[in-house]
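Asker: Sequence and predicted structure below; questions after.
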Number of protein chains: 2
Amino acid sequence: MKYELFYWPEIQGRGEFVRLALEDAGARYTDVAREPKGMPRMMRLLAAKRAFAPPFLQAGQLIVAQTANILHYLGPKLGLAPASESRRAELHSAQLTIMDWVAEVHDTHHPIASSLYYEDQLEEAKRRAAVFRDERLPKFLGYFEASVSPRGRISYVELSLFQMIEGLRYAFPNAMKKQRRKYPKLAALHDRVAQRPNLAAYLGSERRLAFNQAGIFRNYPELDA
Amino acid sequence: MKYELFYWPEIQGRGEFVRLALEDAGARYTDVAREPKGMPRMMRLLAAKRAFAPPFLQAGQLIVAQTANILHYLGPKLGLAPASESRRAELHSAQLTIMDWVAEVHDTHHPIASSLYYEDQLEEAKRRAAVFRDERLPKFLGYFEASVSPRGRISYVELSLFQMIEGLRYAFPNAMKKQRRKYPKLAALHDRVAQRPNLAAYLGSERRLAFNQAGIFRNYPELDA
């Protein structure tokens, strides 16, 4: 099966969680919106309400939307999740919690509206980011630190946790430094994932977009500790 | 199988989407935190990090967390989803989009922090609610209006859409009245779901909690149109 991933072409964003799984597994896929004529194709599918928002994945006739759902679907096919229903449900719980975490990261810089500029919601962003750093970041880190087995099998959840640590260190370097004694296992997992051959090749390639101020993880010093 | 649902005992909240499915199917279940000694049991499971947050469902040894994941798991077992993987994936996409919608409803009254009182984020709430009413509400209504087949089979997604219409009409009566020509199919679906015998019995029972100012759908006139 050749997969077609539809996502905004200029950011890592939520699509990156899917890219990491496809790349780690060495799957055949097209990152459609980064190909010629890909953007109009994506916009037509959205206009036809085949999905509410990117990312979505086309596999033959099937369109699967929502990041965690895409990973739940791909997991066993890519060797990044076991086949048993109960273990899949547990992994999916974890991934959905990661997606909630992602949404909270997004809302640190856009607490009022995605349709408004950051500068037009700066005061609210400062307030929300302080709550995120002081309450939410430690809670999420603590939750996943307790669930990680540093030498355990790598599923798409571990790939996503790599991305969270990578992104949070970019967006909140000071807050993450302050918290560093709270997540030694996550930090070790991050390093281990980064060394997986397919992922290391991907991360060093042009396919890996850089973090930037249009994505979910943004470095605004005024929102950091 | 007897299911155990864990959720906050005094609100509909996210747990209600699961309750509606269990009730409609006439499933055997316990709403644990509403039973004697149920709250300490829920809090112990949370402290042991068996789930990040309620709702979660225990089915034998398995714990499934996250509302949409619980419904994805229960769907085929309760006759509220087909067994085919592709159709299940599509339903799950829709449910996850509903859960995003729910999160946006929540954030209209708590745009800064769930841990702060509404009154302490009132100005931000007014701003966020205006964006919700003007941009997000029409977008979500339009998306689901296009996907509804009023005489089609009822899955857990249709039960959840009933709850959305019910909750939005409670929380935003004016905005929903203004939009009413935009969602005739959703309105008809709402009425059809409400008449299903098991659901009608549930909605008239003491098990159905009333909407209140601690839940996700709250009626604050200053946030309505």
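Answerer: Good, I have the coordinates.

Asker: State the pLDDT value of A:M176.
Answerer: Predicted confidence (pLDDT) at A:M176: the value is 98.

Asker: Secondary structure element for it, which one?
Answerer: For A:M176, the enclosing helix or strand under DSSP states H and E is helix A:173-178.

Asker: State the helix or strand in which the closest residue to A:R128 other than its chain neighbours lies.
Answerer: Nearest residue to A:R128, sequence neighbours excluded (Cβ to Cβ, 6 or more residues apart in numbering or on different chains): A:P111, at 4.2 Å. The way it works is simple: take the backbone N, C-alpha and C, and place the C-beta from them, glycine included. Assigned by DSSP H and E, A:P111 belongs to no helix or strand.

Asker: Quick check, A:P111 in contact with B:R128.
Answerer: Yes: at 7.3 Å, A:P111 counts as touching B:R128 under the criterion of Cβ atoms under 8 Å.

Asker: which residues are common contacts for those two?
Answerer: B:P111 (Cβ atoms under 8 Å, 6 or more residues apart in numbering or on different chains).

Asker: what domains does the record give for chain A?
Answerer: A:3-77, A:85-195 (automatic domain parsing).

Asker: Name all residues that make contact with A:V102.
Answerer: Residues in contact with A:V102 (Cβ under 8 Å, 6+ apart) are A:14, A:67, A:164, A:216.

Asker: swap in A:R180?
Answerer: A:R180 sits next to A:A187 when contact means Cβ under 8 Å, 6+ apart.

Asker: Tell me how far it lies from A:F172.
Answerer: Per Cβ to Cβ, to the nearest Å, A:R180 is found 12 Å from A:F172.

Asker: List the residues that contact A:L96.
Answerer: Shown in contact with A:L96 (Cβ under 8 Å, 6+ apart): A:68, B:65-66, B:68-69.

Asker: Between helix B:85-109 and the helix ranked longest in chain A, find me the angle.
Answerer: Among the segments of chain A that qualify as a helix by DSSP state H, the longest is helix A:85-109. Between helix A:85-109 and helix B:85-109, the angle comes out at 30 degrees (axes from the mean of the first three to the mean of the last three Cα atoms, to 10 degrees).

Asker: Can you show me the helices along chain A?
Answerer: A:15-24, A:38-47, A:67-77, A:85-109, A:122-131, A:137-147, A:156-171, A:173-178, A:184-194, A:197-203.

Asker: Relative to B:M99, which of these is closest?
Answerer: Among those, helix A:85-109 comes nearest to B:M99, with 8.6 Å by Cβ to Cβ.

Asker: May I see the buried residues of that closest one?
Answerer: A:88-102, A:104-109 (16 or more other Cβ atoms under 10 Å in any protein chain shown).

Asker: same thing with stretch A:46-62?
Answerer: In stretch A:46-62, counting by 16+ other Cβ under 10 Å, buried: A:50-52, A:54-59.

Asker: how about it, does it reach chain B?
Answerer: Yes: using Cβ under 8 Å from any Cβ of the partner chain, we find that stretch A:46-62 touches chain B at A:49, A:51-53, A:56, A:61-62.

Asker: Go through the contacts of A:L96 and name the one nearest B:G142.
Answerer: B:A68 (20.9 Å).

Asker: what sits against the closest residue in space to the closest one that isn't next to it in sequence?
Answerer: Among residues not flanking B:A68 along the chain, B:Q95 sits closest, at 4.4 Å (Cβ to Cβ, 6+ apart). Contacts here follow Cβ under 8 Å, 6+ apart; on that basis B:Q95 touches B:67-68, B:71-72, B:156-157, B:160.

Asker: so who does A:M176 touch?
Answerer: By Cβ under 8 Å, 6+ apart, the residues touching A:M176 are A:165, A:168-169.

Asker: Tabulate the residues you listed (JSON lines), appending distance to chain B, pLDDT and neighbour count.
Answerer: Converted to JSON lines, those look like this (distance: Cβ to the nearest Cβ, whole Å; pLDDT from 0 to 100; neighbours: other Cβ atoms under 10 Å in any protein chain shown):
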{"residue": "A:I165", "distance to chain B": "17", "pLDDT": "98", "neighbour count": "20"}
{"residue": "A:L168", "distance to chain B": "17", "pLDDT": "98", "neighbour count": "21"}
{"residue": "A:R169", "distance to chain B": "22", "pLDDT": "98", "neighbour count": "18"}
